[in-house]
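Engineer: Based on what follows, work out the 3D shape:
(5 chains)
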Amino acid sequence: MILGKVVGTVWATRKDEKLVGLKLMIVRHVELDYKLKNTYVVAVDSVGAGVGEIVLVTSGSSARQSALTEGKPVDAVISGIIDKLDISVK
Amino acid sequence: MILGKVVGTVWATRKDEKLVGLKLMIVRHVELDYKLKNTYVVAVDSVGAGVGEIVLVTSGSSARQSALTEGKPVDAVISGIIDKLDISVK
Amino acid sequence: MILGKVVGTVWATRKDEKLVGLKLMIVRHVELDYKLKNTYVVAVDSVGAGVGEIVLVTSGSSARQSALTEGKPVDAVISGIIDKLDISVK
Amino acid sequence: MILGKVVGTVWATRKDEKLVGLKLMIVRHVELDYKLKNTYVVAVDSVGAGVGEIVLVTSGSSARQSALTEGKPVDAVISGIIDKLDISVK
Amino acid sequence: MILGKVVGTVWATRKDEKLVGLKLMIVRHVELDYKLKNTYVVAVDSVGAGVGEIVLVTSGSSARQSALTEGKPVDAVISGIIDKLDISVK
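Structural biologist: Down below sits the predicted model:
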């Protein structure tokens, strides 16, 4: 999984019918100190994440292992909201 | 998923028989301000996307979760057409 | 899918028995103007592609969705031969 | 698989219910001389890895092939703890 | 698939039980002239590859399509040993 920061949402009226009702969030990748990277991913929210939160993102076929995304054309899902990172080795 | 801009179409007469009838679009990856990146992907259109539109692209095995692409040698599908992005965190 | 140019073939006598009989081609990735990139992939040919041709390559688990590659340790397959690209947006 | 060094742990109270009880470790990628790279991945620990250890990380759908991760939204798992690397070709 | 050179082996006593008995090789990626790249992957050997040999590596879920790796947390497998490359287009 990777870590990212939710920076916004995606509006798409015309889409695959299996995506209807799913919340599509824009997640900027972050470093371990939460500094924003230049890359991003659009991920389905399955945990009630809000804009500004640091989240865990699961990618690939594993993104379809949540109740919300099973069998859908989804390759990234927000699977957790980060409380904190405990980093003890630099 | 990632965001891209449809810039053209691919013509291929000789192809895997499962690809016959599918529309293959050239999608340039974009930044969050829709600026074109140098990279691209060829994706199957499943939502009626037109050239010039900003689209959502689903990759990997998840690209086979649309009605149009199931069981086919397709690793990228246009799964939505973007109306707008709401970006509230910079 | 990505676009590439077939630049050669791979000879491998000792290999997984499921790969026996498959034609392994070396495909250099190309830009949208067919300029060669520095990267390449070894892909199974399922459409009779010849050296010098521009081809469509399907990757990942989707590469196993052709009749020739099903159930085999193949992560890239040539799934089409490009006639031309119609690019209308720059 | 890739090699990495466990540098810390992730705390996430709100997460997909299938992730409850799994230990999420932060793994920095390493070179073959164990020098830390700038990239990292969050992986589920399935072998009792400790902070500071060099580990083997399995990614993608294969990360769900351990008893602990089957059917869960997990795309990276620590599948081994490295004793040493025997490198005989430079 | 990609091409690499086997440069060594990985020793890991503590590992996922499904990995017991599998030979883990360190494979450095190579250019088409066999020049070593700076990147590497740890792959399971399924064809009796030796250190110093140039090999074909299959990645992702396709790495689990060999008799040796089926159902195991393996995302890269050595699926062939290269005799030679025939490159006719530069």
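
Engineer: only C-alpha atoms for contact and neighbour calcs from this point on.
Structural biologist: Will do.

Engineer: Next, the buried residues of stretch A:25-36.
Structural biologist: Neighbour counts over stretch A:25-36 (16 or more other Cα atoms under 10 Å in any protein chain shown) mark A:25, A:26, A:27, A:28, A:29, A:30, A:32, A:36 as buried.

Engineer: Leaving out chain neighbours, which residue sits closest to the first one?
Structural biologist: Spatial nearest neighbour of residue A:25, excluding adjacent residues (Cα to Cα, 6 or more residues apart in numbering or on different chains): residue A:9 at 4.4 Å.

Engineer: Okay, and the beta partners of the one you found?
Structural biologist: residue A:25, residue B:86 (DSSP bridges).

Engineer: Pull up the gap between it and chain D, please.
Structural biologist: Plainly put, residue A:9 is 20 Å away from chain D if you go by Cα to the nearest Cα, to the nearest Å.

Engineer: follow-up on the earlier one: so of the buried residues of stretch A:25-36, which ones are in strands?
Structural biologist: Judged by DSSP state E, the buried residues of stretch A:25-36 include A:25, A:26, A:27, A:28, A:29, A:30, A:36 as members of strands.

Engineer: which one of these sits closest to residue D:82?
Structural biologist: When these are ranked by distance to residue D:82 (Cα to Cα), residue A:30 comes first, at 27.6 Å.

Engineer: For residue E:23, see how far away the residue of chain A found nearest chain C is.
Structural biologist: Using Cα to the nearest Cα, residue A:61 is the residue of chain A that sits closest to chain C, at 9.9 Å. Relative to residue E:23, residue A:61 is positioned 27 Å away (Cα to Cα, to the nearest Å).

Engineer: Same question for residue A:57.
Structural biologist: Residue A:57 is 31 Å from residue E:23, by Cα to Cα.

Engineer: Looking at the two, which one has more neighbours?
Structural biologist: The neighbour count for residue A:57 versus residue E:23, taken as other Cα atoms under 10 Å in any protein chain shown, is higher for residue A:57 (28 against 16).

Engineer: Pull the contacting residues for the residue positioned nearest the centre of chain A.
Structural biologist: Residue closest to the mean C-alpha point of chain A, counted by Cα atoms, centre = their mean, is residue A:78 at 3.3 Å. Taking Cα atoms under 8 Å, 6 or more residues apart in numbering or on different chains as the criterion, residue A:78 is in contact with A:43, A:44, A:45, A:46, A:47, A:49, A:55, A:56, A:57, A:58.

Engineer: Count the residues that sit near the residue of chain A found nearest chain E.
Structural biologist: Residue of chain A nearest chain E, by Cα to the nearest Cα: residue A:61 (9.9 Å). When neighbours are counted by other Cα under 10 Å, residue A:61 registers 27.

Engineer: For it, give me its contacts.
Structural biologist: A:75, B:60, B:61, B:62, D:60, D:61.

Engineer: now residue A:76
Structural biologist: By Cα under 8 Å, 6+ apart, the contact set of residue A:76 is A:41, A:42, A:43, A:44, A:57, A:58, A:59, A:60, A:63, B:1.

Engineer: switch the cut-off to 6 Å
Structural biologist: A:43, A:58, A:59, A:63 (Cα atoms under 6 Å, 6 or more residues apart in numbering or on different chains).

Engineer: Just to check, the first one is in contact with residue A:77?
Structural biologist: Yes. Counting by Cα atoms under 6 Å, residue A:43 touches residue A:77, with 4.8 Å between them.

Engineer: Neighbour count: the two, which is higher?
Structural biologist: For the pair residue A:43 and residue A:77, the greater number of neighbours falls to residue A:77 (32 against 27), based on other Cα under 10 Å.

Engineer: what pLDDT does the more buried one get?
Structural biologist: Turning to residue A:77, the model gives it a pLDDT of 98.
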